[in-house]
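Student: Sequence first, then the predicted structure, then my questions.
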Amino acid sequence: ETGVTQTPRHLVMGMTNKKSLKCEQHLGHNAMYWYKQSAKKPLELMFVYSLEERVENNSVPSRFSPECPNSSHLFLHLHTLQPEDSALYLCASSPHTGTSGREQFFGPGTRLTVL
Amino acid sequence: GQSLEQPSEVTAVEGAIVQINCTYQTSGFYGLSWYQQHDGGAPTFLSYNALDGLEETGRFSSFLSRSDSYGYLLLQELQMKDSASYFCAVNQAGTALIFGKGTTLSVSS
């Protein structure tokens, strides 16, 4: 596989469920990101990992918990979500370390619906 | 505070030229990026301007004026497949990219 992959592509969950989103990049990049994209709103940065260390957390509710076990994998653990958390969750990677990754490569996203 | 402004929608016909503007307010500005996103797809990186002037990549060009806090994406010889959303994004010190709300481009025959 090449590029940035995300699984699952679609997820429907209840508010009491626990699920995880997975992202994998095959580009040898050192920085990875989680974004939330809701209709008619700009991409919202959630988390940034650079060299497997979390370097930015944009005031995201604790019901979202990221994990970066190595430079190729990124997870987003979800628990007790709310209906307003329904959105497209995008993972991205960048060859530029640190927070200012100007050229980012995005995965196809996970379309999340919270019932 | 930080903000980016771009038009919400632009329409054009095949073969035409269209310009999508982006104005920004930010501190510690490094550069301006542009991304394309087709409906249901992932954003794709198009270009990055750190210095004033025009960068050309095939049918697409991007321009930056740091003194005016302004940039634009120029799409030439429009094709139907160019119908998509286009996002400008500011690359600034100490934080990751800040994205605009996006411009939906509709190309008709």
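Tutor: Looks like it arrived, so ask away. Bear in mind that the values here come from a model prediction, so they are computed numbers and not experimental data. Residues are numbered from 1 along each chain as shown, chains lettered A, B, ... in the order given.

Student: The least confident helix or strand in chain B by mean pLDDT pairs with which strands?
Tutor: Sorting the helices and strands of chain B by mean pLDDT, DSSP states H and E puts strand B:98-99 at the bottom, at a mean of 87. Strand B:98-99 has these partner strands in its sheet, going by DSSP bridges: strand B:84-92 (antiparallel).

Student: residue ranges for the strands of the chain, please.
Tutor: Here I'm looking at chain A. Using DSSP state E, the strands assigned to chain A run over residues A:4-7, A:10-13, A:18-25, A:31-37, A:44-50, A:53-57, A:64-70, A:73-79, A:87-94, A:105-106, A:110-114.

Student: could you do chain B instead?
Tutor: Listed in chain order, the strands of chain B (DSSP E) span residues B:3-5, B:9-13, B:18-25, B:29-37, B:44-49, B:53-57, B:60-65, B:70-75, B:84-92, B:98-99, B:103-108.

Student: Please convert the ones you listed to a markdown table, extending it with mean neighbour count and distance to A:Val4.
Tutor: Glycine gets a C-beta too; all of them are placed from N, C-alpha and C. As requested, the strands of chain B are arranged in a markdown table below (neighbours: other Cβ atoms under 10 Å in any protein chain shown; distance: least, Cβ to Cβ, whole Å):
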| stretch | mean neighbour count | distance to A:Val4 |
| --- | --- | --- |
| strand B:3-5 | 15 | 24 |
| strand B:9-13 | 13 | 28 |
| strand B:18-25 | 18 | 25 |
| strand B:29-37 | 22 | 14 |
| strand B:44-49 | 18 | 11 |
| strand B:53-57 | 12 | 21 |
| strand B:60-65 | 19 | 22 |
| strand B:70-75 | 21 | 23 |
| strand B:84-92 | 24 | 17 |
| strand B:98-99 | 20 | 17 |
| strand B:103-108 | 17 | 24 |
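
Student: can you list the residues of chain B near chain A?
Tutor: B:4, B:30-31, B:33, B:41-45, B:48, B:87, B:89, B:91-102 (Cβ under 8 Å from any Cβ of the partner chain).

Student: Specify the beta-bridge partners of B:Gly71.
Tutor: With DSSP bridges as the criterion, B:Gly71 is bridged to B:Cys22, B:Leu64.

Student: The strands of chain B: lowest mean pLDDT?
Tutor: For the strands of chain B, the bottom mean pLDDT is recorded on strand B:98-99, which sits at a mean of 87.

Student: what about that one, distance to the chain center?
Tutor: Relative to the chain's own centre, strand B:98-99 is displaced by 11 Å; criterion: Cα atoms, centre = their mean, to the nearest Å.

Student: Repeat that for stretch A:19-34.
Tutor: Relative to the mean C-alpha coordinate of its chain, stretch A:19-34 is positioned 7 Å out (Cα atoms, centre = their mean).

Student: and if you look at stretch A:25-39?
Tutor: Using Cα atoms, centre = their mean, we find the averaged C-alpha position of stretch A:25-39 to lie 6 Å away from the chain's own average C-alpha position.

Student: Could you do stretch B:40-49 as well?
Tutor: Going by Cα atoms, centre = their mean, where stretch B:40-49 is centred and where its chain is centred differ by 9 Å.
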